[in-house]
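[1] Sequence first, predicted model second:
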Amino acid sequence: MKLKTTKSPAVALAVALTCFWAFSAAHADAADVALTQESQAAITPAKALELLKQGNERFVSGKLKKRDLLAQVKQTSKGQFPFAAIVSCLDSRIPPALVFDQGIGDIFVAMVAGNFVNDDILGSLEFATKLAGAKLIVVMGHTECGAVQGACDKAQLGLLTATLANINPAVNAVRGDYTPRTSKNDKFVQAVTEMNVKLTMQKLRDRSVLLREMIDKGEIGLVGAMYDVSTGRVTFYK
């Protein structure tokens, strides 16, 4: 003979909540898993861009994913399979992994004052995409860029002078009635910042035959971006 048992509403609710928390925890843990070769291969350039957009939205809204970074260190110790490569400024206020809410092993990052590309960075991007499988390259500038301000003012300081010279083409390319054409004119500085991203994207295509072919075949994507240091939001454009 079986005894019939009944659960009080409170007990039933507790059981339901326990199941829900277990389910949520399981899915949260899944988000902590580093990318594998298989999961990376399934990401398209369009999907890679969407992942970055979603990550920045989480960053701006303060709803960052919970990650076990030490677990990701162990997961990536034998290999890495990032889905995107970011060329950004050296500025300490725009760490790409944070502003895109990504974990260890998710993105490659090349940081240099003024977010320009030279042969060393282009070679690194060729490695990131052709050999390591990243599906998207992002050239990201930011508002209030000190490197751009220095280029606008023709600043001279040690080796930094040669570094800022890489931004001079953008300074010269900006047309319009900008007076003065110095760092004192915020609109001029921002116009140069945006032009610098566009010219950097063009240089990437012109200088690297390998990257240009991959872009033209749709194997990888290339987009520009602008980070707002006052809001944390990233705006993308082609």
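    Cool, the structure landed.

[2] So residue 236 lies in a strand, does it not?
    Yes - assigned with DSSP: H, G, I helix; E, B strand; the rest coil, residue 236 falls within a strand.

[3] how near is it to residue 224?
    The gap separating residue 236 from residue 224 is 7 Å, by Cβ to Cβ, to the nearest Å. C-beta here means a position set from N, CA and C on the backbone, and glycine is covered the same way.

[4] With neighbour numbers in mind, choose between these two.
    residue 224 (21 against 14; other Cβ atoms under 10 Å).

[5] and the nearest residue to the more buried one once chain neighbours are set aside, how many neighbours does it have?
    Take residue 224 and drop its neighbours on the chain: the residue closest to it by Cβ to Cβ, 6 or more residues apart in numbering is residue 197, 4.4 Å away. Number of residues near residue 197 (other Cβ under 10 Å) recorded here: 23.

[6] can you offset everything so residue one is 57?
    Okay, residue one is now 57; in that scheme the one you just asked about reads as residue 253.

[7] tell me which element residue 253 falls in.
    helix 242-263 (DSSP states H and E).

[8] Show me what that helix is packed against.
    Judged by 3 or more Cβ pairs under 8 Å, 6 or more residues apart in numbering; DSSP states H and E, the packing partners of helix 242-263 are helix 175-182, strand 192-198, helix 202-208, helix 224-229, helix 265-272, strand 277-283.

[9] For it, list every residue counted as buried.
    244-257, 259-260 (16 or more other Cβ atoms under 10 Å).

[10] and among the helices and strands packed on helix 242-263, the most buried is which?
    strand 192-198 (a mean of 26; mean count of other Cβ atoms under 10 Å).

[11] Would you mind listing the residues in contact with residue 117?
    Contact analysis of residue 117 by Cβ atoms under 8 Å, 6 or more residues apart in numbering lists nothing.

[12] Tell me how far stretch 151-165 lies from the chain's centre.
    Relative to its chain's centre, stretch 151-165 lies at 6 Å (Cα atoms, centre = their mean, to the nearest Å).

[13] Any chance you could list what contacts it?
    Contacts for stretch 151-165 (Cβ under 8 Å, 6+ apart): 88, 90-91, 108, 111-112, 114-115, 120-121, 123, 125, 128-129, 131-132, 136-142, 144, 167, 180-181, 184, 188, 190, 196, 283, 288, 290.

[14] How about stretch 234-242?
    205-206, 208-209, 227, 230, 243-245, 247.

[15] Which two among those residues are spaced furthest apart?
    Maximum pairwise distance among the contacts of stretch 234-242 (Cβ to Cβ): 17.4 Å, between 206 and 243.

[16] Next secondary structure element downstream of the helix or strand of the chain with the lowest mean pLDDT?
    Every helix and strand of the chain was ranked by mean pLDDT, DSSP states H and E. The lowest is helix 65-87, at a mean of 44. Proceeding N to C from helix 65-87, the next assigned helix or strand is helix 93-97, under DSSP H and E.

[17] Average pLDDT for that following helix, rounded please.
    Mean per-residue pLDDT for helix 93-97: 94.

[18] How about exporting it as CSV, limited to the C-alpha atoms?
    What follows is helix 93-97, C-alpha atoms only, in CSV (Å, rounded to 0.1, in the frame of the first residue of the first chain):
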residue,chain,number,x,y,z
GLN,A,93,37.8,25.2,-32.9
GLU,A,94,34.3,23.9,-33.8
SER,A,95,32.4,26.8,-32.2
GLN,A,96,34.7,29.3,-33.8
ALA,A,97,34.2,27.7,-37.2
